[in-house]
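> next comes the sequence, and after it the predicted model I'd like to discuss.
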Amino acid sequence: MSGVFEKDRSESELDYFELARKIWVEVVRIVKNEKDVPKSCRFLIGVPTAETARSMVANINRAYHFYPSSSFNVLERRRYLTLAIADCEQLLLDMQCMKDAGLPINVNRLENLIKMADAEIGKLQSKRKNTRLIGKQTVEDRIRDAEAEIERLSSV
């Protein structure tokens, strides 16, 4: 027992990362199964779908490594979380394409994957919305960050 009342429990900080990994594993299991995705469709549908799931996990990992201690890091974290959301939505589109193309995919496994993807999108949107600047910044720090942002924008 954890000693924490059930009403006081909350989700793990990295729960969305673990769910993304589970989605990635499930996608790989589906696309490598000959009954779900025939070999003739593997390079057309299977490989890009698995790469999209991998990209989602990679973008979540990148977002995690931008600790929101500066405004730049907050923007980068939100950017990578947005890319992960887009990857997750692309996975749903890939699954729809598999179904529309008439692949003999197991509908029960597909429904499970869709539920996990919908939950993941919700978690990622919540994480992106709640990403805020952490810590107190002095006026000098804010001026330095603003000058760095102006320099970055002028170099574009």
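Happy to help now that I have it.
> where does the chain dip in pLDDT?
Residue ranges of the chain with pLDDT under 70: 1-2, 4, 6-13.
> biggest helix in the chain by residues?
helix 71-100 (DSSP state H).
> other residues contacting the next helix or strand after it?
Toward the C-terminus, helix 71-100 is succeeded by helix 107-129 as the next helix or strand (DSSP states H and E). For helix 107-129, the surrounding residues in contact (Cβ atoms under 8 Å, 6 or more residues apart in numbering) are 11, 15-16, 19-20, 22-23, 26-27, 29-30, 36, 56, 60, 77-78, 81-82, 84-85, 88-89, 91-92, 95, 98-99. Every C-beta, even on glycine, is put in place using the N, C-alpha and C of the backbone.
> how about stretch 61-75?
For stretch 61-75, contacts defined as Cβ under 8 Å, 6+ apart pick out 14, 17, 76-81, 84, 131-135, 145, 148-149, 152.
> are any of the residues you listed buried, and if so which?
Listed as buried from those are 17, 76-78, 80-81, 84, 131, 145; burial here means 16 or more other Cβ atoms under 10 Å.
> and those as a markdown table, adding distance to residue 123?
Formatted as a markdown table, these follow (distance: Cβ to Cβ, whole Å):
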| residue | distance to residue 123 |
| --- | --- |
| 17 | 9 |
| 76 | 19 |
| 77 | 15 |
| 78 | 15 |
| 80 | 14 |
| 81 | 10 |
| 84 | 10 |
| 131 | 13 |
| 145 | 29 |
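> just flag the most distant two among these.
Using Cβ to Cβ, the buried ones among the contacts of stretch 61-75 span at most 27.5 Å, a distance reached by 17 and 145.
> residue contacts, residue 19?
116, 119-120, 123.
> quick check: it vs residue 118, distance?
11 Å (Cβ to Cβ, to the nearest Å).
> what do you get for residue 139?
Using Cβ to Cβ, residue 139 is found at 44 Å from residue 118.
> looking at those two, which one has more neighbours?
residue 118 (13 against 7; other Cβ atoms under 10 Å).
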